[in-house]
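Student: Sharing a model prediction with you, sequence too.
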Amino acid sequence: MKNTNADMTSNYHTGYVALIGEPNVGKSTLLNALLEQKLSIVTPKPQTTRHKIAGILTGENYQIIFLDTPGLIKPKYALQEVMMSFAGEAIEEADVVMFLVDASGRGVAESVKKSTALARFTGLKDKKPIFVVLNKIDLLKKAEVLPLLQAFSAIFPFAEIIPVSALKGENLDDLRQTIVKYLPEGNALYPEGYVSDRDERFFVSELIREEIFKLFKEEVPYATTVEIEEFRESLPARSVSAEAGDAERKTLIRAVVYVERESHKGIIIGKGGAALKQVGQNARRQIEQLIGHDVFLELFVKVEREWRDDKGKIKRLGYR
């Protein structure tokens, strides 16, 4: 794929934008909406996002690298500490920091005022622009929006306060255009056509984990992680030719779902393997949409005791 950097002019803007906020405010939904494709996994459960994920949006005169991050929480165990370090890294790397708020929640202005994130912003306000993005305005009456904007203006000197609906796509063009104004001039950092710095293996593991979050309740999803052990493309011998098309291609994927306890393993597998089979069927459909051809997905479940509180295990399982 050709890198078009040589064609850029001084009017081209590029830079990093950190998406941060409390759990379930819609950061991943907003990223997917801005990119107009699914990149980050989304579930109704808080703390679904565990990594710092770059989403690359390239326009005629700009390239925005969005950094999706885990929801801001007070860590209770080592994995959550690592997750919060990812959010901190994104803030430090960013040219623009966007703090997302669920505008439909009660007392949102007060919650921002008390937020630990706001304390971190205080030291940043003279270094880089900070936006508040009021998400889910589709759940508000029009008359409620202006007082909310005024309330946020009063509590902190944000560079911009922008109401949007990630789910409905409302005001996203204005958000994009406003971001570009704050980005430094410079050439694109990634070739045209790139949407992330992560590879397919990473997104496959995330899609499997997404199905686990959707299908299981309480603590079980939070005690699981997914590792891709094998990822290779295969063509039937009769089809190995210049004419072989995507319809004949198949990617073979072997993935391990790690849990912390034997009881969790039993729940994930289910009676007669039914629960794990459902995870595999749902994930396979999503994976095939991602890579564009058939997939053979093999899932296994293993116990890795207390992995969430062991920094060595956390690192080995891909949280870097």
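Tutor: On my side now, so go ahead. Numbering: from 1, shown residues only.

Student: Run through the stretch 1-150 of the chain and note the low-pLDDT ranges.
Tutor: Across the stretch 1-150 of the chain, the ranges flagged by pLDDT under 70 are 1-10, 106-107, 109, 111-119, 125.

Student: Recalculate using a threshold of 50.
Tutor: For the stretch 1-150 of the chain, the stretches flagged by pLDDT under 50 are 1-8.

Student: would you list every one of the helices in it?
Tutor: Secondary structure of the stretch 1-150 of the chain (DSSP state H, counting those that start in this stretch): helices located at 27-35, 78-93, 108-114, 116-122, 142-155.

Student: Quick check: which of these has the most neighbours on average?
Tutor: helix 27-35 (a mean of 23; mean count of other Cβ atoms under 10 Å). Yep, even glycine has a C-beta here, placed from its N, CA and C like the rest.

Student: How about residues contacting that helix?
Tutor: Helix 27-35 is contacted from outside by 19-21, 38-42, 48-49, 53, 55-57, 64, 66, 68-69, 71, 100, 133, 135, 164, 166-167, 169, 172, 175-176, 195, using Cβ atoms under 8 Å, 6 or more residues apart in numbering.

Student: Pull out the buried residues from the residues you listed.
Tutor: Those of the contacts of helix 27-35 that meet the buried threshold are 19-21, 38-42, 48-49, 53, 55-57, 64, 66, 68-69, 71, 100, 133, 135, 164, 166, 172, 175, by 16 or more other Cβ atoms under 10 Å.

Student: my guess is P23 contacts I73, does it?
Tutor: Yes - when contacts are counted by Cβ atoms under 8 Å, P23 is listed as touching I73 (6.5 Å).

Student: so what's in contact with these two at the same time?
Tutor: Here P23 and I73 have Q47 as joint contacts, going by Cβ under 8 Å, 6+ apart.

Student: Can you lay out the helices of the stretch 1-150 of the chain as CSV showing distance to L317?
Tutor: Converted to CSV, the helices of the stretch 1-150 of the chain look like this (distance: least, Cβ to Cβ, whole Å):
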stretch, distance to L317
helix 27-35, 21
helix 78-93, 9
helix 108-114, 32
helix 116-122, 27
helix 142-155, 38
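
Student: Quick check: closest non-adjacent residue to G270.
Tutor: Excluding its sequence neighbours, the residue lying closest to G270 (Cβ to Cβ, 6 or more residues apart in numbering) is L276, at 6.1 Å.

Student: where do the strands sit along the stretch 151-300 of the chain?
Tutor: 160-163, 225-234, 250-259, 294-303 (DSSP state E, counting those that start in this stretch).

Student: got the contact list for the first one?
Tutor: So that's strand 160-163. So strand 160-163 is contacted by 103, 129, 131-134, 137, 145, 148-149, 152-153, 171, 174-175, 178 (Cβ under 8 Å, 6+ apart).

Student: quick one: which of these is nearest to E248?
Tutor: Distance to E248 across those (Cβ to Cβ) is lowest for L175, with 42.4 Å.

Student: center of this protein - which residue?
Tutor: By Cα atoms, centre = their mean, the chain has its centre lying nearest to S40, at 3.6 Å.

Student: Next, that one: phi, psi?
Tutor: Dihedral angles of S40 (phi, psi; degrees, to the nearest 10) stand at phi -90, psi 140.

Student: so who does it touch?
Tutor: K27, S28, L31, N32, T49, I53, G55, D68, E206.

Student: just checking, R254 touches V226?
Tutor: No - with contact defined as Cβ under 8 Å, R254 does not count as touching V226 (11.3 Å).

Student: So between these two, which is more surrounded?
Tutor: Neighbours per residue (other Cβ atoms under 10 Å) separate R254 from V226, with V226 holding more: 22 against 15.

Student: how far does stretch 293-312 sit from the chain's center?
Tutor: Centroid separation for stretch 293-312 versus its chain: 19 Å, with Cα atoms, centre = their mean, to the nearest Å.

Student: try stretch 68-76
Tutor: Remark: stretch 68-76 is offset 12 Å from the chain centroid, using Cα atoms, centre = their mean.

Student: Can you pull out the residues in contact with it?
Tutor: 18-25, 27-28, 31, 39-40, 46-47, 49-55, 80-81, 83-84, 86-87, 90, 115-117.

Student: What is the end-to-end distance of it?
Tutor: 21 Å (Cα to Cα, to the nearest Å).
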